[in-house]
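Colleague: structure for this input, please:
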Amino acid sequence: MTNKKEEFKVSGEDITEKIKEIIKEGNARRIIIKNEDGESVAEFPLTIGAVGALIAPILAAVGAIAALLTKCTIVVEKK
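Modeller: Predicted structure coming up:
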């Protein structure tokens, strides 16, 4: 079974909202954040049914990353 990948280019200020939207959709297996040079800055595996308290640490990390990046690419691996 192959995973489908989608990429979204967003500004640093929009990262957290986009990640929340992706998680809410519920079909993402992994989220990768890349900087402007295409280098992976962070990777977050998502378990099926991850909600509530499990998402809070991811969003906290994304918030810290957003403060450092002006532009980035979010790569979403879907099942």
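
Colleague: any idea which helix is longest in this structure?
Modeller: Longest helix in the chain, counting residues (DSSP state H): helix 56-68.

Colleague: what residues does that one touch?
Modeller: 12-13, 15-16, 19-20, 23, 31, 33, 41-42, 44, 46, 72 (Cβ atoms under 8 Å, 6 or more residues apart in numbering). No exception for glycine: its C-beta is placed from N, CA and C like everyone else's.

Colleague: and of the residues you listed, the nearest to residue 79?
Modeller: Taking Cβ to Cβ as the measure, residue 79 lies nearest residue 46 of the contacts of helix 56-68, at 10.0 Å.

Colleague: next, the contact list for the spatially most central residue of the chain, please.
Modeller: Closest to where the C-alpha atoms of the chain average out (Cα atoms, centre = their mean) is residue 31, at 4.0 Å. Going by Cβ under 8 Å, 6+ apart, residue 31 touches 19, 22, 23, 43, 44, 46, 58, 74, 75, 76, 77.

Colleague: picking that back up, buried residues in the longest helix of the chain?
Modeller: Neighbour counts over helix 56-68 (16 or more other Cβ atoms under 10 Å) mark 58, 62, 65, 66 as buried.

Colleague: just those now: which is nearest residue 37?
Modeller: residue 65 (14.6 Å).

Colleague: distance of that closest one from residue 45?
Modeller: 16 Å (Cβ to Cβ, to the nearest Å).

Colleague: cool, and residue 66?
Modeller: 20 Å.

Colleague: over to residue 19. Which of the three states is it?
Modeller: helix (DSSP: H, G, I helix; E, B strand; the rest coil).
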